[in-house]
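J.: One predicted model, sequence on top.
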Number of protein chains: 2
Amino acid sequence: MDIVHRVGIKAPVSAVYEALSTITGLAGWWTTTTTGRPEVGGTISFRFFLETGAEIGGFDMEVLEQVRNEKVRWRVKGGPAEWVGTDIEFLLSRQDEHTVVMFAHRQWREEVEFTAHCSTKWATFLLSLRDLLETGQGRPAPHDLRIGNWH
Amino acid sequence: MDIVHRVGIKAPVSAVYEALSTITGLAGWWTTTTTGRPEVGGTISFRFFLETGAEIGGFDMEVLEQVRNEKVRWRVKGGPAEWVGTDIEFLLSRQDEHTVVMFAHRQWREEVEFTAHCSTKWATFLLSLRDLLETGQGRPAPHDLRIGNWH
């Protein structure tokens, strides 16, 4: 079971790549609490908090690939059981005046309710990535768009 | 290949079901140009326009199932080749103070770039459904959120 998304961003491919391959960039659209080494073989840790300050979980990703202005690929090493062992990829290309991000979160072992939640949530974070690049302001957690009773 | 999403909506299940099973409801969050017979065996036609007035396509859906306050299921009979023969379902349940919509667009024959685009676009329309129910105002086409060079 794979989750896939596509967004077109009016920004240079180098800026989109920067937002996917640096701590500052990632913290600007996914979660403000991002630490680690964003380089092949390194681990990046993402932690999520509510606006109340309560921690609600996180993910540790090993960087499998980073090809400048083309792709970023991670493997989930720590986090919810459903995520561990899955792969996340961002492929970049230019189309018209857009940088297109082809996103995939691959190898979910089964389709569960959490898969569907994560699919919708990924869409909102990819729109946060777009907002960061087009307006200078993303919506990383804990300021992320809520999509129901599972945050 | 299936697209799945999940949103929680602070509204009664009957109101969410109404938005999924009536022409007025569907026109309030997916596309204002919605016509047809939303009953089992009937066909619903959805047409999409840009704000400039240009038509960009549409879908004809046969209603396979409508179970009050529980589920709606359609089969795509007309539209883009990738969509014809696929099924779309909305399953409703109550959790906490939310009506949860489990959405699936099933049986894509292959994963193509258009699949990823449609996945992200479905997320934005499900958030439009939520906005319609929680605020009284959705974002149906042609007022829908753009997600790049493919609208």
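T.: Here it is on my side, so go on. Residues are numbered from 1 along each chain as shown, chains lettered A, B, ... in the order given.
J.: List, one by one, the residues from chain A near chain B.
T.: By Cβ under 8 Å from any Cβ of the partner chain, the residues of chain A that approach chain B are A:1-9, A:95-98, A:100, A:102-104, A:111, A:113, A:115-117, A:119-120, A:123-124, A:126-127, A:130, A:145, A:147-150. For the C-beta atoms, the positions are set from N, CA and C on the backbone; glycine is no exception.
J.: ChimeraX command to pick out the buried ones of the residues you listed?
T.: Applied in ChimeraX, the following selects the buried portion of the residues of chain A next to chain B according to 16 or more other Cβ atoms under 10 Å in any protein chain shown:
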select /A:1,2,3,4,5,6,7,8,9,98,100,102,103,104,115,116,117,119,120,123,124,126,127,130,147,148,149,150
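J.: In strands, which of the residues of chain A next to chain B fall?
T.: If you go by DSSP state E, these have A:3-9, A:95, A:98, A:100, A:102-104 in strands.
J.: Chain B: which of these is nearest?
T.: Distance to chain B across those (Cβ to the nearest Cβ) is lowest for residue A:8, with 2.0 Å.
J.: Surely the closest one and residue B:148 touch.
T.: Yes: with contact defined as Cβ atoms under 8 Å, residue A:8 reaches residue B:148; the gap is 2.0 Å.
J.: which residues are common contacts for the two?
T.: A:98, A:100 (Cβ atoms under 8 Å, 6 or more residues apart in numbering or on different chains).
J.: Strand partners (parallel or antiparallel) of the biggest strand by length in chain A?
T.: Of all the elements of type strand in chain A, the one with the most residues (DSSP E) is strand A:55-67. Sheet pairing of strand A:55-67 (DSSP bridges) gives strand A:43-49 (antiparallel), strand A:71-78 (antiparallel).
J.: Is it possible to get TSV of the ones you listed that adds mean neighbour count and mean pLDDT?
T.: Converted to TSV, these look like this (neighbours: other Cβ atoms under 10 Å in any protein chain shown; pLDDT from 0 to 100):
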stretch	mean neighbour count	mean pLDDT
strand A:43-49	19	97
strand A:71-78	19	98
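J.: Would you mind giving these as CSV with distance to residue A:22 added?
T.: CSV is the format used below for the strands paired with strand A:55-67 (distance: least, Cβ to Cβ, whole Å):
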stretch, distance to residue A:22
strand A:43-49, 10
strand A:71-78, 11
